[in-house]
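S.K.: From the sequence below, what's the structure:
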Amino acid sequence: MKKVLSVGLAVLMLVLCAIPAFADSMTISTSTEQDEWQLAYPADTQIPWEASEQALGAVTATKLWLSPGKTVTVSVASVNDYRLVNKTDAEKSIAYTLSGADAIAFLPGEYGKTFPLSAAVAESEWRQAAAGEHTDVLTFTAEYKNA
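M.R.: Next up, the predicted model:
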């Protein structure tokens, strides 16, 4: 009887060792109630006198939590119609062109993406420019929409 009991216990032990173990899978997720974005814009840039081209800085996505299929686009407008206007005589101005502002768009996952901006002034504009400080203001407008 001892032999039968010993063999039975040995078989039972083998069967118990062969039972597979199941582990739970782990899911990590996060969500936000709404899309959020934050953009950085250049500010207070100086253009050296007689510079043909000057970097103005960049539009950068510093926070970008967008739903799939959404985008944030940025348009840029000049208060003075892309002219640097003399502070003491508004009739005197220097025309310039703005580069890099024509297709600013951020899609989901493009955190940290930058769009560099630069201003170019033709030599002929510098030759006819009046002395003094000249300014313009650029307005950046961000729009959240479907991609």
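S.K.: where do the helices sit along the protein?
M.R.: Here the chain has its helices, by DSSP state H, at 2-17, 123-128.
S.K.: Could you identify which of those has the lowest mean pLDDT?
M.R.: In terms of mean pLDDT, the lowest-scoring of the helices of the chain is helix 2-17 (a mean of 49).
S.K.: Please name the bridge partners of the residue nearest to the spatial centre of the chain.
M.R.: Computing the C-alpha centroid of the chain and ranking residues by C-alpha atoms, centre = their mean puts residue 61 first, at 2.2 Å. Legend: beta-bridge partners of residue 61 under DSSP bridges are residue 39.
S.K.: Residue 117 versus that one, what's the distance?
M.R.: 15 Å (C-beta to C-beta, to the nearest Å). Backbone N, C-alpha and C define where each C-beta goes, glycine included.
S.K.: Equivalent analysis for residue 37, please.
M.R.: In terms of C-beta to C-beta, residue 37 sits 19 Å off from residue 117.
S.K.: For the two, indicate the residue with more neighbours.
M.R.: Counted by other C-beta atoms under 10 Å, residue 37 and residue 117 do not tie: residue 117 has more neighbours, with 22 against 17.
S.K.: Test my guess that that one contacts residue 59.
M.R.: Yes: contact criterion C-beta atoms under 8 Å: residue 117 and residue 59 qualify, at 6.9 Å.
S.K.: where do the contact lists of these two overlap?
M.R.: Listed as contacting both residue 117 and residue 59 by C-beta atoms under 8 Å, 6 or more residues apart in numbering are 42, 101.
S.K.: Let me see the confidence value for the residue nearest to the centre of the chain.
M.R.: So, for residue 61, pLDDT stands at 93.
S.K.: Could you list which residues are in contact with it?
M.R.: Contacts here follow C-beta under 8 Å, 6+ apart; on that basis residue 61 touches 37-39, 72, 106, 110-114.
S.K.: mind redoing it with 10 Å?
M.R.: For residue 61, the contacting residues are 37-40, 72, 74, 104, 106-107, 110-115, by C-beta atoms under 10 Å, 6 or more residues apart in numbering.
S.K.: quick one: which of the residues you listed is most hemmed in?
M.R.: Highest neighbour count within the contacts of residue 61, by other C-beta under 10 Å: residue 106, with 24 neighbours.
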